[in-house]
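Okay, sequence plus prediction incoming.
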Amino acid sequence: MKEILKGGGKLFLKTVAINLMCFFIVVSFSVITTILFKGDIGSKLSNSGMACFLIVSQIFAFCFTCGCIYPELWHIGTKDSNLVKFNHKSEDKFKGFKIGAVATVPNYLFLVFLALARVGLFPKFPMALYMLLNSSVYSFIQVIVGSAVAVSELSVWRLALLFILPLIIPAIAGVSYILGCKNISLSEKFIYKKN
């Protein structure tokens, strides 16, 4: 349990850094798509421009997130696999998912705050701030939130959908750990071709 809590804490700090870097990815693609798709100065970004921005920035943010989480969890999985083989440790195929789940606890506390804010605690809380703080899933949040500017404008079902997004982290962590346990290296598969 101690390993899972420690690993989850480290992964949470990594997700903070990931969101910071993804913020710059989002801003960069926002500028690029504005230049490419905006018509007259001062006009709104076209629908095709917005779709392009959301899709491309999310693909880059997701790849960056996977690229940051995968190596460490893969390494933990490989190490644990060796310890299990020599009976120094009991097998836990869900360890990666558990580490990821611990890392998302602060995200869920923030979502609980959002839910309380919506019912009156802080109804004017800006959704733009929430999106920027979670830039690794900025596009997903934008699609879920729609035109809502403040949290009080969110419908219950939209708020409920926001609770699904943090599960991306345990999913990436869990799959990375399992691949490490099975000693399947994605980087080798991409870099080296079979003869």
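Nice, I can see it. Treat the numbers as computed from the prediction; the structure is a model and nothing was measured. Residues are numbered from 1 along each chain as shown.

Which residues does stretch 57-75 contact?
10-11, 14, 17-18, 21-22, 25-26, 29-30, 96, 99, 135-140, 168-169, 172-173, 176-177, 179-180, 185-186 (CB atoms under 8 Å, 6 or more residues apart in numbering). To be clear about C-beta, it is placed using only N, CA and C from the backbone, and glycine gets the same treatment.

What residues does residue 180 make contact with?
73, 74, 75, 76, 77, 78, 79, 80, 81, 96.

and the fifth one, what is it in contact with?
Shown here is residue 77, whose contacts under the criterion CB under 8 Å, 6+ apart are 95, 96, 176, 177, 178, 179, 180, 181, 182.

can you tell me which of these are in helices?
Using DSSP state H, the subset of the contacts of residue 77 located in helices is 95, 96, 176, 177, 178, 179, 180, 181.

The first one is in contact with residue 80, isn't it?
It stands for residue 95. Yes - with contact defined as CB atoms under 8 Å, residue 95 counts as touching residue 80 (6.7 Å).

can you list the contacts of residue 180 in CSV and add secondary structure?
Shown next, in CSV, are the contacts of residue 180 (DSSP: H, G, I helix; E, B strand; the rest coil):
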residue, secondary structure
73, helix
74, helix
75, helix
76, helix
77, helix
78, helix
79, helix
80, helix
81, helix
96, helix
